[in-house]
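A.B. asks: structure of the sequence below:
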Amino acid sequence: MDDEPNGPFKVFPSDLHDHLRPFFADIAEEVVRAIRTEIPEYARPTDDTYMHVVHQGVEHALQGFLERMAKPDTDWEPVKATYLRIGRGEAEEGRSLDSFQSALRLGARVTWRRVNALVDAELLPREVLAALGEALFLHLDEMAAATTAGYTEARLHAAGELQQRRSRLIDLLTADPPASAEAISDLAHSARWPVPRALAVVAVDQGSRPGAVRPIVPAEFLARFDVQPAVLVVPDPDGPGRARAVAGALHGLRAAMGPTVALQEGARSWRWATEALDLARRGILPGAEPVRCQDHLATLLLFRDEALVDAMAERRLGPLVEMRSPQRERLAETLLSWLQCGHNASEVAARLAVHPQTVRYRMRQLDELFGDQLHDPAAQFEMQLALRALTLRTAAESR
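C.D. replies: All right, here's what the predicted structure looks like:
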């Protein structure tokens, strides 16, 4: 092929296009019939508007070919713009570009067959046949390239608009105070998101896996990865396979999944998820797999106001603070186990892997330290809360 874009068109006799023009109306009709017959996507005989568009597209392609034969240096840009529009139109109609590209190839084959027949009938000189074939398929390639460019541009634009709507929908679903059900439904419709009965919001720490690529999430999830923490809205999270889908999509990323809530309570699910994610960052909650808030409600409650927990610890565990380590840690561990095991020394001994006599000795020390409050149910409850918080913090700091 000639290196110049219009090279093959420059070798034709100057009057060749005039010889071809009278045959092109019949060729156009045959191309349209072939397209309607062989490509199901274009078989709409009762749709006059659609068939007019098909006719127009075929005629435009053939007339463009003739014009390039008549004037090889014709500016290709206006013709290219036409096929860019066609590509955009195919995307906006929601069709795959495969059918259009098949129509182009079919049109080229029919045209080439008819041109060969004209040569066989000695209505065209045989010496131009090779150049005609080269020019015809160059024209086809350029039309296909322009159509693909327009199609891709439209798809990218549509995807960008759809993502913007979905991002706004995430904001609406997690808004506090909540948006109205009507507002959510309207935006969900324009974002092509089926409104679920319930949802859960996931907070994702994108910085927890260096160099990580953006996760691929199921199409029915809403996602924003342009914020930190990233947000994932999971529809009907208690449905079959949902937990597995979340874990699979976020594998290796630190994340926390808020509770299942009604459509207008997304703010609560998001708030709990971000609080759980913060605790996972600190090591207080496990971070290997997505944390499910519903599995850690007591810990979330305990760390909701840490200053309050510190005040409770200062009031109820003061005598332990004055002791030296490691005796302080041993007594704290024993006291927590004693409270959790219902004051049963044997169970405490089994849990701590020590002799029951050791437990009794430590409990006598604790009784001397705390006196009556060790037997006060209210004090025992607050001690257990404070010790639980202390244990979780210590474990996190040691990791």
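
A.B. asks: alpha carbons only for contacts and neighbour counts from here, please
C.D. replies: Noted.

A.B. asks: could you point out which element follows the helix or strand of the chain with the lowest mean pLDDT?
C.D. replies: Scoring the helices and strands of the chain by mean pLDDT, DSSP states H and E places helix 48-70 at the bottom, with a mean of 77. The helix or strand immediately downstream of helix 48-70 is helix 77-92, counting by DSSP states H and E.

A.B. asks: and the helices in the stretch 151-300 of the chain?
C.D. replies: 181-190, 242-249, 266-282, 297-302 (DSSP state H, counting those that start in this stretch).

A.B. asks: is it possible to export the ones you listed to a markdown table including mean neighbour count and distance to residue 358?
C.D. replies: Below are the helices of the stretch 151-300 of the chain laid out as a markdown table (neighbours: other Cα atoms under 10 Å; distance: least, Cα to Cα, whole Å):
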| stretch | mean neighbour count | distance to residue 358 |
| --- | --- | --- |
| helix 181-190 | 14 | 61 |
| helix 242-249 | 15 | 44 |
| helix 266-282 | 22 | 34 |
| helix 297-302 | 15 | 30 |
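
A.B. asks: distance to residue 91 and mean pLDDT added to the ones you listed, as CSV?
C.D. replies: Formatted as CSV, the helices of the stretch 151-300 of the chain follow (distance: least, Cα to Cα, whole Å; pLDDT from 0 to 100):
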stretch, distance to residue 91, mean pLDDT
helix 181-190, 17, 91
helix 242-249, 29, 89
helix 266-282, 34, 95
helix 297-302, 48, 93
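
A.B. asks: how about CSV for these, with distance to residue 154 added?
C.D. replies: Below are the helices of the stretch 151-300 of the chain laid out as CSV (distance: least, Cα to Cα, whole Å):
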stretch, distance to residue 154
helix 181-190, 17
helix 242-249, 28
helix 266-282, 33
helix 297-302, 46
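
A.B. asks: which ones are touching residue 279?
C.D. replies: By Cα atoms under 8 Å, 6 or more residues apart in numbering, residue 279 lies in contact with residue 285.

A.B. asks: from residue 19, how far out is it?
C.D. replies: Applying Cα to Cα, to the nearest Å, the value for residue 279 to residue 19 is 81 Å.

A.B. asks: neighbours of residue 382, how many?
C.D. replies: Here the count is done by other Cα atoms under 10 Å, and residue 382 has 17 residues near it.

A.B. asks: that older thread, quick one, the least confident helix or strand of the chain and helix 77-92 angle?
C.D. replies: 150 degrees (axes from the mean of the first three to the mean of the last three Cα atoms, to 10 degrees).

A.B. asks: what sits up against helix 48-70?
C.D. replies: With Cα under 8 Å, 6+ apart as the criterion, helix 48-70 contacts 6, 9-10, 12, 14-17, 20-21, 24-25, 28-29, 31-32, 42, 44-45, 74, 79, 107, 136, 139.
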